[in-house]
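# Return a 3D structure for these sequence lines:
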Amino acid sequence: MKDLARRHGVRPTKALGQHFLADPNLARAIVADAGVRAGDRVVEVGAGLGSLTVALAAAGARVIAVEFDRTLLPPLREIVAPWPAVRIEEADAMRLDWASALPGDGWKMVSNLPYNVAVPLVVDMLEEVPQIRSYLVMVQREVGERLAAAPGDEAYGAVSVRVRYRADAQVARRVPASVFWPRPKVDSVLVRLERRAEPPVATEPQRLFRVVDEGFAERRKTMRNALRRLGLSAAEAVDALERCGLEPNVRAERLSLEDFARLAETVA
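Numbers count the residues shown, from 1 in each chain. Reported below is the predicted structural model:
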């Protein structure tokens with residue numbers, strides 16, 4: 001990989017959160033973990049220097065490799081040249097018209113995501129790209145723990161609730177920093193997400209996430225205080241919580257998606 005980069009005068013860009021996967025054995029293991037089979041349609045965001053792209057293509061997948069950094073396109077094109085089932089898309093994944101880019105249904109995303117866009121990209125794509133049914137994404141360990149956290153976990157927050165609204169999520173594999181170039185300061189994890197056919201709660205999303213976001217706006221504050229910031233009196237806040245079977249001093253970190261939904265319906 002370093003030789004490929006050197007031939008093309010390419011160096012990783014810190015501003016773009018670039019840490020390239022440099023272990024081909026791990027790339028193949030990721031493809032196996034994702035359950036990629038011949039003929040599967042796979043999108044990869046942040047294709048970089050193509051280590052994972054090649055592993056996906058070698059498994060027989062039809063791959064759309066999205067890369068924003070145009071300096072990486074020449075080496076990427078070189079390394080995937082033997083694989084006609086790979087299509088390179090020069091684009092910012094946060095602005096791409098995914099409906100046009102991914103026709104049909106049943107897509108998988110398998111990606112080593114750039115550190116600086118991982119959270120907003122995953123949340124936005126779960127919300128806006130229903131044609132992707134499953135994800136296996138590499139992210140910083142701290143980010144992965146936030147995406148997959150359950151109520152009561154230290155990493156549980158508003159992002160965790162948003163992910164649970166659209167998907168089942170779990171940490172699938174821990175990945176050491178030593179497999180990347182350049183080596184990051186932190187370890188990474190692979191997070192598996194399976195998109196739900198429908199959200200598990202029927203509450204209108206804007207109403208639901210208004211309560212969720214306010215609940216986590218001030219870490220370690222109680223939901224009673226959060227509801228007061230939403231305009232309820234102290235007595236109204238306590239009453240709403242008690243009607244949902246919740247203690248007045250409960251914190252957002254203890255509430256499930258279903259708890260937030262009941263509360264949002266109660267205070268609507």
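
# how deep is P205 tucked in, by neighbour count?
15 (other CB atoms under 10 Å). Using the backbone N, CA and C atoms, a C-beta is placed for each residue, glycine as well.

# how far away is the residue lying closest to it once chain neighbours are set aside from D259?
Spatially, and ignoring its direct neighbours in sequence, P205 is nearest to Y165 (7.4 Å; CB to CB, 6 or more residues apart in numbering). As defined by CB to CB, to the nearest Å, Y165 lies at a distance of 13 Å from D259.

# now R166, nearest residue through space, not along the chain?
Spatial nearest neighbour of R166, chain neighbours left out: L126 (4.0 Å); criterion: CB to CB, 6+ apart.

# so what's R228 up against?
With contacts taken as CB atoms under 8 Å, 6 or more residues apart in numbering, R228 has the following neighbours: A234, A237.

# That one sits in which helix or strand?
Under DSSP states H and E, the secondary-structure element containing R228 is helix 223-229.

# got it, and Q170?
Taking DSSP H and E as the criterion, the element that holds Q170 is strand 167-175.

# What strand or helix carries the spatially most central residue of the chain?
Central residue of the chain (CA atoms, centre = their mean): V122, 3.1 Å from the mean position. Using DSSP H and E, V122 sits within helix 118-128.

# Can you mark which positions in that helix are buried?
Of all the residues in helix 118-128, those buried under the rule 16 or more other CB atoms under 10 Å are A118, V119, L121, V122, V123, M125, L126.

# got the CA coordinates for the helix or strand following that helix in PDB?
Tracing the chain past helix 118-128, the next element assigned as helix or strand by DSSP H and E is strand 132-140. Written as PDB, here are the backbone C-alpha positions of strand 132-140 (Å, rounded to 0.1, in the frame of the first residue of the first chain):
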ATOM      1  CA  ILE A 132     -29.100  -0.200   2.500                       C
ATOM      2  CA  ARG A 133     -30.200  -3.000   4.600                       C
ATOM      3  CA  SER A 134     -27.100  -3.900   6.500                       C
ATOM      4  CA  TYR A 135     -23.900  -2.100   7.600                       C
ATOM      5  CA  LEU A 136     -20.500  -3.200   8.800                       C
ATOM      6  CA  VAL A 137     -18.400  -0.100   9.400                       C
ATOM      7  CA  MET A 138     -15.000   0.500  11.000                       C
ATOM      8  CA  VAL A 139     -14.900   3.500  13.300                       C
ATOM      9  CA  GLN A 140     -13.000   4.700  16.300                       C
END
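
# any residues touching strand 132-140, and which ones?
Outside strand 132-140, the residues that touch it by CB under 8 Å, 6+ apart are 21, 30, 33-35, 43, 102, 105-113, 115, 118, 122, 125, 147, 167, 172, 175, 184, 186-195.

# again, only this time at 6 Å
For strand 132-140, the surrounding residues in contact (CB atoms under 6 Å, 6 or more residues apart in numbering) are 33-34, 106-113, 115, 118, 186, 188, 190-195.

# Now, those that are in strands?
107-112, 188, 190-195 (DSSP state E).

# Buried subset of those, written for PyMOL?
Here is the PyMOL selection string for the buried members of those, based on 16+ other CB under 10 Å:
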select buried, resi 107+108+109+110+111+112+188+190+191+192+193+195
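
# closest to T266 among the ones in strands among the contacts of strand 132-140?
If you rank those by distance to T266 using CB to CB, R195 comes first, at 28.2 Å.

# Please report the distance of that closest one from W107.
10 Å.

# Likewise for V159?
Remark: distance between V159 and W107 (CB to CB) = 23 Å.
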